[in-house]
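Participant: Fold the following and give me the result.
(2 chains)
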There are 2 protein chains.
Amino acid sequence: MQVGLFHTVQWPEGTNQRERYQQAIEQALLAEEAGFDSVWLTEHHFSRHGIVSDSISVLCHLAARTTSIRLGTAVAVLPLHHPLRLAEAAATLDVVSDGRLDFGIGKGYQPGEFRGFGLTLDDREARFNEALDIILRGWTSTTPFSHEGPYWSFQDADPQPKPIQTPHPPIWMATDSDGGFRKCAERGFGVLLPQGRSLSAVAEQLSRYRAALEAVGRPYEPDKVALARALYVGPTIEAAWDDVTGPYQQFLDYAGRLAGPGGSPSQHASGDPFKLTASVNDSVLFGSPASVLSTLREIEKLGVSRVIMFVHIGGLPHEQIMRSMRLFRAEVMPALGSSVAGNAGMVASVVSQSGSGD
Amino acid sequence: MQVGLFHTVQWPEGTNQRERYQQAIEQALLAEEAGFDSVWLTEHHFSRHGIVSDSISVLCHLAARTTSIRLGTAVAVLPLHHPLRLAEAAATLDVVSDGRLDFGIGKGYQPGEFRGFGLTLDDREARFNEALDIILRGWTSTTPFSHEGPYWSFQDADPQPKPIQTPHPPIWMATDSDGGFRKCAERGFGVLLPQGRSLSAVAEQLSRYRAALEAVGRPYEPDKVALARALYVGPTIEAAWDDVTGPYQQFLDYAGRLAGPGGSPSQHASGDPFKLTASVNDSVLFGSPASVLSTLREIEKLGVSRVIMFVHIGGLPHEQIMRSMRLFRAEVMPALGSSVAGNAGMVASVVSQSGSGD
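Facilitator: The predicted model follows:
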């Protein structure tokens, strides 16, 4: 199993932006040291939910402070970008990191972010599609090209630099919809599954993704699914939950408000990923090293071999996050490492079984 | 006198983008080591003239690899940016660099860059002004704000993070027009003077800038003018010119073509900064350590105490650039250092004289 770090740099009331950035960077450096294979940054605007608004700039910074960890956007919100500029920026990251970019993309969901750019959620799908086409063309075209679209029009653009990875950096798409899975299956994109869903919900998502792959005749590859999970490890299950319950509830409450219409509290029905329900134990990695490892084994059995860890939870203090990550490194990572080789056959078999069962 | 590095990362035919980036970064690291106080990156699009399209990402990378050198855009081409995104990106740089951003801005001049973004040069002035207002508001506002303008409209934006420097990072404007000087004088912006003009042309520019300052009752501050100059130092004047003439002509020819209408060869009259005229010796810093120092003394006498050095000239090989920079560090920088203290009175006196002569 490959483990990544998934970071939003939240900015709870009473905290300092520069300190939050410094802490996030320290957490990313510890992640590389601990053997995490990737760090993924969100993109958010205009709120305390996440103050990484220019994720690629921050990843360019991290590129200089790390040597091998892969650098991902999770996600670049395509409808909110000029696609030529985003193509240029992402390629710049690929160049300065020597080909370490994982390009995660999404449609966005916060009404306040769209309004703050003078846009609405209504046409985010169409904007997403047009932007993606332009970005891929910008990366791979060897001559200037023009474009006339509903959202962007331009003449003789030839964005530079070009990415180092060929034909272009891997693309990951945040989705759990049938349409999204179909697009990933058709175009060979990786799938970024959201955090906060129960294991049975994840299993259901995966079965729909497998169906989409079957429909286009592609095999399921565990390596191309990354599942986001909140992580907090304490010496015991109880100690972990004592520390993290308050900060996680704070995170969920705030996230729920921003996702609601007009930024008001969410009116979603039960099953809302932003609600701390009874099933929460099944939707996070909070606990002792042994209990977290056990849940990771459950995840692996679903055919998922990449989990990206959300560690910067609400106002959880930096020192506690670092302690949790060190405990994870010392007592969980070694067991995971051995499982990669040891369970490869098992995972392949689970995949193949699940695949045929769809 | 303060010395900076001014870099475009050109990409001549037959060279490799990744190598050109690596070389530029090495040159920037040598600049810090040599005591340069700043590194400034251009922004260019869609051509070999400069492949730094996202200067702020590259500066965020440099922020991690340097400790004290200031990090400048020279310039961010405001009409080509969404101002909220640029406010966010530049503030991110200020945060990850611990307050080292110098925000240089300009209107742009290459028709091909505007066309490639679906724009024209016609309204660049109006776009520049509207963008600048939005950026400053985004940096300094403590509450969400809305904007309804000819070019951008949005509701309840509150860009994060905010810059570290207060009230905001220093602003520098690339200009040599009366209108630009007036804006710099009125608003307290620094002035970035273009490279390639003779010393008498620079003196004339400065006299117009001083007049603009006088008109608003502000004193002339040598610290707020940065003059760009191509630099190449060899063991002798002849050796330097032998090395650099070809690459500099190559740079001028290509720059001239891009500045012309439709990207065709420039039809500018004489005095064109892109033409290698007889007066070129007066518009560059090519020569031996002694001759370059002597020209820097002439510049200092004009009341300019910041020169930003353009070293990455056409296809000039990296090794030669590094050798030139090391020679400059060893034999020119020490003399300049002493002049800062030694000539402070002299400079002030020149300034005051020139100022009163306007």
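Participant: Which helix or strand contains A:S294?
Facilitator: helix A:289-301 (DSSP states H and E).
Participant: average pLDDT for the next helix or strand after that helix?
Facilitator: If you walk from helix A:289-301 toward the C-terminus, the next helix or strand you reach (DSSP H and E) is strand A:306-310. This predicted structure assigns strand A:306-310 an average pLDDT of 98.
Participant: if we can go back for a sec, report all helices and strands that the helix holding A:S294 contacts.
Facilitator: helix A:199-216, strand A:225-233, strand A:285-287, helix A:318-331, helix A:333-342 (3 or more C-beta pairs under 8 Å, 6 or more residues apart in numbering or on different chains; DSSP states H and E). Where you see a C-beta, it was placed from the backbone N, CA and C, and this is true even at glycine.
Participant: To B:A228, which of those lies closest?
Facilitator: Closest of those to B:A228 is helix A:318-331, at 42.3 Å (criterion: C-beta to C-beta).
Participant: So A:A74 sits against A:L41, correct?
Facilitator: Yes. With the criterion set as C-beta atoms under 8 Å, A:A74 and A:L41 qualify as a contacting pair; they are 6.7 Å apart.
Participant: how close does the closest residue to A:L302 other than its chain neighbours sit to A:R210?
Facilitator: Nearest non-adjacent residue to A:L302, counting by C-beta to C-beta, 6 or more residues apart in numbering or on different chains: A:A203, 5.4 Å away. Taking C-beta to C-beta, to the nearest Å as the measure, A:A203 and A:R210 are separated by 10 Å.
Participant: These two: who's more crowded?
Facilitator: Here A:A203 and A:R210 are compared on neighbour count by other C-beta atoms under 10 Å in any protein chain shown; more neighbours surround A:R210, at 22 against 17.
Participant: In this structure the more buried one contacts A:Y220, no?
Facilitator: Yes. Under the contact definition of C-beta under 8 Å, A:R210 touches A:Y220, with a separation of 5.3 Å.
Participant: Would you tell me which helix is longest in chain A?
Facilitator: When chain A is scanned for its longest helix (criterion: DSSP state H), the result is helix A:237-259.
Participant: which parts of that one are buried?
Facilitator: Applying a neighbour-count criterion of 16 or more other C-beta atoms under 10 Å in any protein chain shown, one finds A:237, A:240-241, A:243-244, A:247-248, A:250-252, A:254-259 buried in helix A:237-259.
Participant: close to chain B, is it?
Facilitator: No. Looking at helix A:237-259 against chain B by C-beta under 8 Å from any C-beta of the partner chain, there are no contacts, and the closest approach is 12.3 Å.
Participant: still on that earlier bit, out of the buried residues of helix A:237-259, the closest to chain B would be?
Facilitator: When the buried residues of helix A:237-259 are compared for distance to chain B, the smallest value, 12.3 Å, is given by A:L258; criterion: C-beta to the nearest C-beta.
Participant: you'd agree the closest one is up against A:S47?
Facilitator: Yes. Contact criterion C-beta under 8 Å: A:L258 and A:S47 qualify, at 5.8 Å.
Participant: Quickly list what's touching both of the two.
Facilitator: With C-beta atoms under 8 Å, 6 or more residues apart in numbering or on different chains applied, the overlap between the contact sets of A:L258 and A:S47 consists of A:110, A:112.
Participant: wait, isn't A:G104 in contact with A:W40?
Facilitator: Yes. Judged on C-beta under 8 Å, A:G104 makes contact with A:W40 at a distance of 6.4 Å.
Participant: Can you work out which residues contact both of the two?
Facilitator: Common contacts of A:G104 and A:W40 (C-beta under 8 Å, 6+ apart): A:72-74.
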